[in-house]
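# Attaching a predicted model along with its sequence, questions to come.
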Amino acid sequence: MKLVKPLLSMAAFLFCVPAWPQDLPPATANLYVIALNGQPVTIDGELQDWRDAEFVYLSQDGPTHSLFTGAKPTASPADFSGHVAIKMDPDNIYFAAHVRDEGGILIHPPRTRQNANLTFAFDHLAVYLGLYDIGTLPGSPHRNTVDIIDPASGQIVQGGRTYRIKPGTDNDPDNATLGPDYQIGVNFQTYDKTLANGAYFASGDEVINYNWGYVDTLIANTELAIKPWSNEKGFTLEWRVPFASLAGRIARASKPQAALEWPLYRPQAGDVIPFDIDLTDDDRLAAPEDFNNNFLGLGRGSNLWRDSFAWEGRGVVVDVSGGRNAGNYYHAGFAPAAAGVTVDGDLAEWATSQFIGISQDSPNHQYIFQNGDVLSSPADFGGYIAVRLDQDNIYFAARVRDEPQGTGAFQHARRTKNDANLMFTQEHLAVYLGLYDIGDLPRSPHVRDVNIIDPATGQIVAGGRTHRIKPGTDDDPDQATRGADFQLGVNIQTYDNTLANGAFYAQGLDVINYAWSYVDTFLTNTELALLQWTDEKGYDLEWRIPLASLAGRIAKQVSPQKNIEWPRYVPQDRQVSPFDIDLTDEDRVNNQDGTNSFLRMGRGFDLWRDAAAFGMRLKVIGSPGSITAVEQTPAAAFVREYRLLQNYPNPFNPGTTIAFELPAAAPVSLQVFNLAGQEITTLVNRSLVAGRYQVTWTPRGEPSGLYLYRLQAGDHVQTGRMLYLK
């Protein structure tokens, strides 16, 4: 398998603003929804009350996740993988996990409160959690060992690790930082009490949990339920932690922070909090003291127990009361210019995108099989999907594991354009997509068989299925509905052309794709690349569709809609579109018709007829300017002149840092050019106060070579050179 480069941050960072607006950050890779005020949670190990939550799939195949292996490495997602979700109400934070562990679950001797400090050496869930709002920052700004302020006395107290309790920045210890960080964990083990459904249950001091680091204490008034699966190949967990148990005097008694009154967090819709997660599998080979853990991390950062700056998850708190659902809410990155995607099957440039994980274990997704074909495990079939947009194209990426008894995705007979209509019987990716904004609606209002309006003539045309072209509702057929729906599919098969990296490649009419339903046509000017993993147990996919190919006269020529000029979709920041996805696995024997397994993002049926059945919502998150706050040193007293420093490292790959100094406030522009004088990107374009600044640039799709970077601050202009080596 070709691994993705470590998770990149945004193309450039700059920390120069003391306050952050309450809006969604532009990067999407690590932005997840935390449901607030949803369905009440009963701690019983059942997940029926988590349908309004977003589950994140953690497995070794996750393009932006991490796997650290012990002495017995994880062989596949069947051995160790899981789905994790977070919910909140005004008084509590809740965690749910649905974990597959075929190497043995709950088999070790139970631990006691006296050795809860050893939780990290056993099967456990660890949550790294900052209870404060970071706004549009890409993550927590907290670093190790700065002083903090006692909010009650105002006295400066010796700091350590990442526990901060008052707004400010780490570079200004007199003001401490944004708020308190926690690193909390709970053990996976048997407990003395069981519920009627067979779940192990514990509460209060009976729960083997821990609050690590300088907050060295056990968590009070908590509840835990762990329910083994009936096939004993995994378990389900629910854990409730009161916010009040993370407030007050909770620091280690021997530490300077012992007298601090830690603040009580009250969640607010729109808060963005930093977090990270470890799922840990302890497959020990010999003595109980052996430490052979496998860790699945949400992000790729190290030293999570020291620096919350290393945490790579962000949770946006969304009020889901009144039936508004967070469980079907995902993010698509939008670049107003080019998205920077090269269709070659290499997913490296997708590191800033949010991948949606899907497997038969997904609590909120649908697994469907036909003709008796039952998936044995996530090793047989599962994957990750991401969506990106620019002004002209929509892009899809997929990483799919498919290791069914020696018959992989590329071993079937190839299909041609003439039988693309049979794609649903083949290995394929299907995307159900409404190209219109539904705002805060939980799903599309479209149902089948209403009339629609020709936007050019104003005439009512017989409608069908879900293709609408004018604002309105399905209950008002004279007004038709909001826009056009598409059901797009592309075949997973070998193609005649291959790229230098070995990926199968096709473009234009060579791509075996289809737009089903009343939009009965092939997609034009599209591109597809399929890169098989080196172990032949899966593949990576990239697919580009021009938005212009989804506009104009694209209806079936025998349909009443054949003369309609379908509108061109123009993506905009914060639009919400209905969508759904099918991944289809066909295991055929001796090249005979096989038995399909469908992994579906939502739980609806008849997706090809009713957009109201699309189970997901896709929120467009724009990234104008490609910059956000990271670091500025307010050291005007020590800056005597304008200076542009040499970038470091140099040469560089994948990114480099450029530092500059301002002796006085000035409008600042920092740009990158190639040697032909063409502008590549603008890293800074704003007024800044005096101080020392640093910006990180990570090229996206640019070739190796020499680049120029130019600083203009007021009338001062200075240029430097840097070398990028892929």
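Done, it's in.
# correct me, but Ala53 touches Ala326?
Yes. Using CB atoms under 8 Å, Ala53 makes contact with Ala326 at a distance of 6.1 Å. Heads up, the C-betas are built off the backbone N, CA and C, glycines and all.
# what is in contact with these two at once?
33, 35, 38 (CB atoms under 8 Å, 6 or more residues apart in numbering).
# from the residues you listed, which single one is nearest Pro109?
Distance to Pro109 across those (CB to CB) is lowest for Ala35, with 35.7 Å.
# Tell me who's in contact with the most centrally placed residue in the chain.
With distances taken as CA atoms, centre = their mean, the residue of the chain nearest its centroid is Gln354 (3.2 Å). Listed by CB under 8 Å, 6+ apart, the contact set of Gln354 reads 28-32, 64, 330-333, 386.
# The stretch 501-650 of the chain: strands as residue ranges?
Secondary structure of the stretch 501-650 of the chain (DSSP state E, counting those that start in this stretch): strands at 504-507, 513-515, 527-532, 538-546, 576-587, 595-600, 616-622, 627-628, 632-633, 643-644.
# Between the ones you listed, which has the poorest mean confidence score?
For those, mean pLDDT drops lowest on strand 627-628, to a mean of 32.
# among the strands of the stretch 501-650 of the chain, which is nearest Leu435?
Proximity to Leu435, assessed across those by CB to CB, is greatest for strand 576-587 (6.5 Å).
# Tell me which of the strands of the stretch 501-650 of the chain sits nearest to Lys726.
Nearest of the strands of the stretch 501-650 of the chain (CB to CB): strand 527-532, 17.2 Å.
# Could you please name the strands that closest one pairs with and the direction of each pair?
Looking at strand 527-532 with DSSP bridges, its partner strands are strand 504-507 (antiparallel), strand 538-546 (antiparallel).
# buried residues in the last one?
By neighbour count with 16 or more other CB atoms under 10 Å, strand 538-546 contains the buried residues 538-545.
# Also the first one?
In terms of neighbour count (16+ other CB under 10 Å), strand 504-507 has its buried residues at 504-506.
# can I get the CA coordinates of it in CSV?
Taking C-alpha atoms only, strand 504-507 is exported to CSV below (Å, rounded to 0.1, in the frame of the first residue of the first chain):
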residue,chain,number,x,y,z
PHE,A,504,-4.4,2.6,-14.3
TYR,A,505,-5.5,5.9,-16.0
ALA,A,506,-8.3,6.9,-18.3
GLN,A,507,-9.8,10.2,-19.4
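# Can you pull out the residues in contact with it?
Here strand 504-507 makes contact (CB under 8 Å, 6+ apart) with 343-345, 410, 493-499, 512, 525-532.
# try it again with 7 Å
The contact list for strand 504-507, computed with CB atoms under 7 Å, 6 or more residues apart in numbering, reads 494-495, 497-499, 526-530.
# would you turn the residues you listed into JSON lines with neighbour count and distance to Ile43?
Listed next are the contacts of strand 504-507 as JSON lines, based on neighbours: other CB atoms under 10 Å; distance: CB to CB, whole Å:
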{"residue": "Thr494", "neighbour count": "15", "distance to Ile43": "50"}
{"residue": "Tyr495", "neighbour count": "19", "distance to Ile43": "51"}
{"residue": "Asn497", "neighbour count": "11", "distance to Ile43": "55"}
{"residue": "Thr498", "neighbour count": "15", "distance to Ile43": "53"}
{"residue": "Leu499", "neighbour count": "15", "distance to Ile43": "51"}
{"residue": "Thr526", "neighbour count": "22", "distance to Ile43": "48"}
{"residue": "Glu527", "neighbour count": "21", "distance to Ile43": "49"}
{"residue": "Leu528", "neighbour count": "27", "distance to Ile43": "46"}
{"residue": "Ala529", "neighbour count": "25", "distance to Ile43": "46"}
{"residue": "Leu530", "neighbour count": "26", "distance to Ile43": "44"}
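# Now for this structure, the helix or strand with the poorest mean pLDDT.
Counting by mean pLDDT, DSSP states H and E, the weakest-scoring helix or strand in the chain turns out to be strand 12-13, with a mean of 30.
# what's the neighbour count on Thr696?
20 (other CB atoms under 10 Å).
# again, but for Val558
Val558 has 7 neighbours, counted by other CB under 10 Å.
# Next one: it from Thr521, what distance?
12 Å (CB to CB, to the nearest Å).
# And for Ile273?
Separation of Ile273 from Thr521 (CB to CB) stands at 45 Å.
# now Asp307
Computed with CB to CB, the distance linking Asp307 and Thr521 is 53 Å.
# More neighbours: these two, which one.
Taking neighbours as other CB under 10 Å, Asp307 and Thr521 compare with Asp307 leading, 20 against 17.
# I'd say Ser66 and Arg300 touch.
Yes. If you go by CB atoms under 7 Å, Ser66 and Arg300 touch, sitting 4.5 Å apart.
# Beta-bridge partners for Thr682, please?
Following DSSP bridges, Thr682 is listed with bridge partners Gln671.
# Now for it, how many residues are close by?
By other CB under 10 Å, neighbour count at Thr682 equals 14.
# for Asn491, same thing?
25.
# surely it meets Tyr514?
No. Using CB under 7 Å, Asn491 is not in contact with Tyr514, being 8.4 Å away.
# What average pLDDT does stretch 682-699 get?
For stretch 682-699, the per-residue pLDDT averages 76.
# Inside helices: which ones of the contacts of Gln354?
Using DSSP state H, no member of these falls within helices.
# Closest one of those to Thr74?
Thr64 (17.4 Å).
# quick one: that closest one from Asn30, how far?
According to CB to CB, Thr64 stands 7 Å off from Asn30.
# Just say helix, strand or coil for Asp419.
Taking DSSP: H, G, I helix; E, B strand; the rest coil as the rule, one finds Asp419 in the helix state.
# burial count for it?
When neighbours are defined as other CB under 10 Å, Asp419 has 12 of them.
# The one 10 residues further on too?
For Leu429, the neighbour count with other CB under 10 Å is 23.
# Now do the same for it: helix, strand or coil?
Judged by three-state DSSP, the three-state class of Leu429 is strand.
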